[in-house]
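A.B. asks: Just a sequence and a predicted model for now, questions to come.
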Amino acid sequence: MSISLVRNAYGKSRVRLVKVRRAGARHELTDVQVDVQLEGEFDDAYTKGDNSKVLPTDTMKNTVYALAKGHPVEPIEDFGVLLAEHFLGKPHTRRARVAIAENVWSRVDAGGAPHPHAFLRAAGERRTAEISAAPGGVEITSGIADLLVLKTTGSAFSGFPRDEHTTLKETGDRILSTLMVARWRAAGRDPAPTATWERARRALIETFAERHSLSVQHTIHDLGEAVLAACPAIDEVSLSLPNKHCLLVDLAPFGLTNDNEIFVPVDEPHGLIEATMKRGS
Ligand SMILES: O=c1[nH]c(=O)c2[nH]c(=O)[nH]c2[nH]1
């Protein structure tokens, strides 16, 4: 049978790395997961079993650790570019893609003072960077993944069309909860990606809290607008917001009224609202 290989890519995923920088008694911690994917002239490995051009994925894993020893891992955008350009320099490689997800640790506050070497991790939130390096240049996408937020009011959903399958009640006051994923691109190379990340994060959290929501769609637009307003370096932002439903429990069978107090969180199914916003029209 005749078939053609349409696309291929290979690499090492989920390379876990923790780096400790010791400035005397005060330590700095970086905790990341790195994915590497190479594209290039590797067809023969797939079609003939010829590994003569295949840089082992084990070597890629070792490279992450060796380069982390000699270079800063922060900001992850810079470490990602270092890795991507390193792998692009390998024979037969046409594109190197590196994705880094950083687990966000904060310093423990002990007795009112920042502890020199103890850290606390906020749930599943991660800082992300995706780097794609090819002879034509390097593209960087930065972001935040799995920022879990909830507000107990300030959210409504009404005015939607009804058909024979609609059972949802209109509401002017509901719980709104979501696990935000944001990805953004700078116009050029952002010289201060950490400051941008901190501003974007604050804009997302504060806007979620303070702006009245008429729907998740309405909120996602407010969030995108706030990120672009807060971060001059960002040209385009994409957001993905699952609607983590918290449904009002019907207490009528027990002769009780539910005054927006008793809810059941439902993981599945969930709404998923996505949008990309950029400057200008
Ligand atoms: O904010 C919302 N947007 C929707 O599109 C939708 N659909 C739904 O059932 N609940 C909600 N909530």
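C.D. replies: Happy to help now that I have it.

A.B. asks: could you say what helices and strands the helix or strand encompassing Thr219 packs with?
C.D. replies: Assigned by DSSP states H and E, Thr219 falls within helix 216-230. Contact here means 3 or more C-beta pairs under 8 Å, 6 or more residues apart in numbering; DSSP states H and E; on that basis helix 216-230 packs against strand 176-186, helix 193-210, strand 234-243, strand 271-278. All C-beta spots, glycine's among them, are computed from the backbone N, C-alpha and C.

A.B. asks: could these go into TSV alongside mean pLDDT and mean neighbour count?
C.D. replies: Converted to TSV, those look like this (pLDDT from 0 to 100; neighbours: other C-beta atoms under 10 Å):
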stretch	mean pLDDT	mean neighbour count
strand 176-186	97	22
helix 193-210	98	18
strand 234-243	98	21
strand 271-278	98	14
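
A.B. asks: Make a markdown table out of these and add distance to the ligand.
C.D. replies: Output for the helices and strands packed on helix 216-230, formatted as a markdown table (distance: least, C-beta to the nearest ligand atom, whole Å):
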| stretch | distance to the ligand |
| --- | --- |
| strand 176-186 | 8 |
| helix 193-210 | 13 |
| strand 234-243 | 5 |
| strand 271-278 | 5 |
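
A.B. asks: Of these, which is nearest His221?
C.D. replies: strand 271-278 (6.4 Å; C-beta to C-beta).

A.B. asks: Please report how far Val32 lies from the ligand.
C.D. replies: To the ligand, Val32 is 34 Å away according to C-beta to the nearest ligand atom, to the nearest Å.

A.B. asks: ok, now Ala25?
C.D. replies: When Ala25 is compared with the ligand (using C-beta to the nearest ligand atom), they lie 49 Å apart.

A.B. asks: Go ahead and confirm that residue touches His115.
C.D. replies: No. In this structure, Ala25 is not within contact of His115 by C-beta atoms under 8 Å, at 10.3 Å.

A.B. asks: what are the pairing partners of the longest strand along the chain, and which direction each?
C.D. replies: Counting residues, the longest strand found in the chain (DSSP state E) is strand 113-134. Partners of strand 113-134 in the sheet, by DSSP bridges, are strand 93-110 (antiparallel), strand 137-151 (antiparallel).

A.B. asks: ok, residues contacting stretch 36-43?
C.D. replies: Applying C-beta atoms under 8 Å, 6 or more residues apart in numbering, the contact partners of stretch 36-43 are 5, 8-13, 15, 53-55, 57, 60, 64, 83, 87, 90, 92-98.

A.B. asks: change it to 10 Å
C.D. replies: 4-5, 7-13, 15, 50-51, 53-55, 57, 60-61, 63-64, 80, 83-84, 86-88, 90-100, 132, 134 (C-beta atoms under 10 Å, 6 or more residues apart in numbering).

A.B. asks: Next, the buried residues of that stretch.
C.D. replies: Buried residues in stretch 36-43, defined by neighbour count with 16 or more other C-beta atoms under 10 Å: Val36, Gln37, Leu38, Glu39, Gly40, Phe42.

A.B. asks: Would you mind listing what in the chain touches the ligand?
C.D. replies: Residues of the chain found near the ligand (C-beta under 6 Å from any ligand atom) are Phe157, Leu168, Ser215, Val216, Gln217, Asn243, Gly271.
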